[in-house]
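Undergrad: Sequence and predicted structure, then a few things I'm wondering about:
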Amino acid sequence: MRPDILPLSSAYVRQRADAGSLISQTLSMTEYKAYFVDGDGHFVSFRGFVCDNDADATVWAKQLLDGQIIELWSGERFVTRLTPAPSNEK
């Protein structure tokens, strides 16, 4: 091991997290999955990402709307269901 690179101990990470450092911000991020729903109501794919909170995750997931319904989940917790705007085509 190179002497100028030392592994981070869990005590150091906790200390830095308590100090409000960048590590703390990273540790507070929540994992989300945006599930794409087909016409029969089945999940066909998903996109995983992390955000600070549900509101930010919803904004992020809205960018994925492309004619499909999206269900946003954080682990086993349902967050919201996003539906695309109705088409004005006739």
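TA: Thanks, I have it. Numbers count the residues shown, from 1 in each chain.
Undergrad: Show me what the helix or strand harbouring Tyr35 is packed up against.
TA: Element membership for Tyr35 (DSSP states H and E) is strand 30-37. Using 3 or more CB pairs under 8 Å, 6 or more residues apart in numbering; DSSP states H and E, the elements in contact with strand 30-37 are strand 43-51, helix 54-62, strand 69-74. No exception for glycine: its C-beta is placed from N, CA and C like everyone else's.
Undergrad: Report the residue spans of the chain with pLDDT below the cut-off.
TA: Filtered on pLDDT under 70, the chain yields the residue ranges 1-27, 89-90.
Undergrad: what sits opposite the closest residue to Ser45 other than its chain neighbours in the beta ladder?
TA: Among residues not flanking Ser45 along the chain, Phe36 sits closest, at 4.9 Å (CB to CB, 6 or more residues apart in numbering). Taking DSSP bridges, one finds Ser45, Ile70 as the beta-bridge partners of Phe36.
Undergrad: isn't Phe36 right up against Leu65?
TA: No: under the criterion of CB atoms under 8 Å, Phe36 makes no contact with Leu65, lying 9.7 Å away.
Undergrad: Great, nothing more from me.
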